[in-house]
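*Asks:* pasting the structure only:
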């Protein structure tokens, strides 16, 4: 059965101990834009009192959505693009997560209630990964058709039309994903984000891990650990995560 990394509550971890566990991540810029579209869709569902909808978490975001509530999220490319530019420029500085579809991938992967992962793959390789997975296990079943879009009517935003300013801010908001998942920064984001190794005492690492509710292996408090640090002008992890 599938493992939903967004919700691992009540999962029987011992059941998965003998399995190889893996997940897929997506290029952070592309994922942010897709997450924004899904966020707008969820707010629209709430606005129309339909199931699956979420309420914008702040008054500011409610006002933002209300200014775009009448646009078509599936056909109105220019206005959806304008909404993206407005949200990133004026309404999201990394402090309050607008919706869990904009949560960083690395914080989802590192949830303490989810299984340990053996491998992290790039989403672009999903078909070849499953083909190899089935071949290595001598399985004759064909791999799932991952080329079929989950939402056929979802609007494809032209990323090349996103302003350089907004692209750079998206990279800064997604800095931890770029650093920890080792994605190459888009050309427009060169110099906007930097990643570095930082040596810390294990005792300090434990304090940080507890703040994030992450489990950690036992070690001496005098030992040092290497951590990946993302340098960005915005909060690395939203306060309401």
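*Replies:* That came through, no problem. No experiment lies behind these values; they were computed from the predicted model shown.
*Asks:* can we go C-alpha only for contacts and neighbour counts from here?
*Replies:* Will do.
*Asks:* is residue 199 in a bridge, and if so with what?
*Replies:* Residue 199 forms beta bridges with residue 226, as assigned by DSSP bridges.
*Asks:* Could you pull out the helices in this structure for me?
*Replies:* 28-47, 59-66, 77-86, 105-109, 126-136, 164-173, 175-180, 202-211 (DSSP state H).
*Asks:* Need the winner for burial among the ones you listed.
*Replies:* helix 175-180 (a mean of 23; mean count of other CA atoms under 10 Å).
*Asks:* helices and strands around that helix, which ones?
*Replies:* helix 105-109, strand 194-201, strand 224-231 (3 or more CA pairs under 8 Å, 6 or more residues apart in numbering; DSSP states H and E).
*Asks:* for the shortest one, packing partners?
*Replies:* Helix 105-109 is packed against helix 175-180, with contacts defined by 3+ CA pairs under 8 Å, 6+ apart.
*Asks:* Tell me how far the helix it packs on lies from the chain's centre.
*Replies:* 10 Å (CA atoms, centre = their mean, to the nearest Å).
*Asks:* Against residue 125, how distant is residue 45?
*Replies:* 32 Å (CA to CA, to the nearest Å).
*Asks:* Then residue 50?
*Replies:* For residue 50 relative to residue 125 (CA to CA), the value is 35 Å.
*Asks:* again, but for residue 186
*Replies:* Residue 186 is 19 Å from residue 125, by CA to CA.
*Asks:* now do residue 53
*Replies:* Distance, residue 53 to residue 125, by CA to CA: 31 Å.
*Asks:* More neighbours: the two, which one.
*Replies:* More crowded of residue 53 and residue 125, by other CA atoms under 10 Å: residue 53, with 17 against 11.
*Asks:* Quick check, the more buried one in contact with residue 38.
*Replies:* No. In this structure, residue 53 is not within contact of residue 38 by CA atoms under 8 Å, at 10.4 Å.
*Asks:* got a list of what residue 64 touches?
*Replies:* 87, 91 (CA atoms under 8 Å, 6 or more residues apart in numbering).
*Asks:* I meant residue 81, not that one.
*Replies:* Residues near residue 81 by CA under 8 Å, 6+ apart: 157, 162.
*Asks:* so what pLDDT did it get?
*Replies:* We have a pLDDT of 97 for residue 81.
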